[in-house]
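Enquirer: I'll drop the sequence and a predicted model, then ask my questions.
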Amino acid sequence: MRLDDDIYYLKQELADVKEESMAMLCVKELKKTIRILCIIIFALIALLAATGMYLIYILNDIGTEEITTESYEIEQDAEGSNNFINGNNNEVNNG
């Protein structure tokens, strides 16, 4: 009976070793997956930051075009009425 007990315990230990190796395999696979996900997350964060910087650049660049001013001619007649002649199509606004 003593030999049967030893064989039984050896089989249980062998089963435990196989379970640990399966657990180690799962841990290794999980480690690889987490590493890949971290790389993907950092890449997405970098792309988001680059998009934000580009948006800030575009929004700051909107107001830099050349500003032109319009000139007006003001005429006053003898009765004191002022006529503003606009530079666009020479429209006359009586005031």
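Expert: Happy to help now that I have it. Numbering: from 1, shown residues only.
Enquirer: tell me the secondary structure at residue 69.
Expert: Of the three states, residue 69 takes coil under DSSP: H, G, I helix; E, B strand; the rest coil.
Enquirer: show the average pLDDT along stretch 41-61.
Expert: Average pLDDT, stretch 41-61: 93.
Enquirer: same question, stretch 25-35
Expert: On average, stretch 25-35 scores 92.
Enquirer: in it, which residues are buried?
Expert: Residues of stretch 25-35 include none that count as buried (16 or more other CB atoms under 10 Å). Every C-beta, even on glycine, is put in place using the N, C-alpha and C of the backbone.
Enquirer: please save the CA atoms from it in PDB.
Expert: Output of stretch 25-35 as PDB, limited to C-alpha atoms (Å, rounded to 0.1, in the frame of the first residue of the first chain):
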ATOM      1  CA  LEU A  25       1.800  30.200 -20.300                       C
ATOM      2  CA  CYS A  26      -1.300  32.200 -19.700                       C
ATOM      3  CA  VAL A  27       0.700  34.800 -17.800                       C
ATOM      4  CA  LYS A  28       3.200  35.100 -20.600                       C
ATOM      5  CA  GLU A  29       0.400  35.500 -23.200                       C
ATOM      6  CA  LEU A  30      -1.200  38.100 -21.000                       C
ATOM      7  CA  LYS A  31       2.100  39.900 -20.600                       C
ATOM      8  CA  LYS A  32       2.500  40.100 -24.400                       C
ATOM      9  CA  THR A  33      -1.000  41.300 -24.900                       C
ATOM     10  CA  ILE A  34      -0.700  44.000 -22.300                       C
ATOM     11  CA  ARG A  35       2.600  45.200 -23.900                       C
END
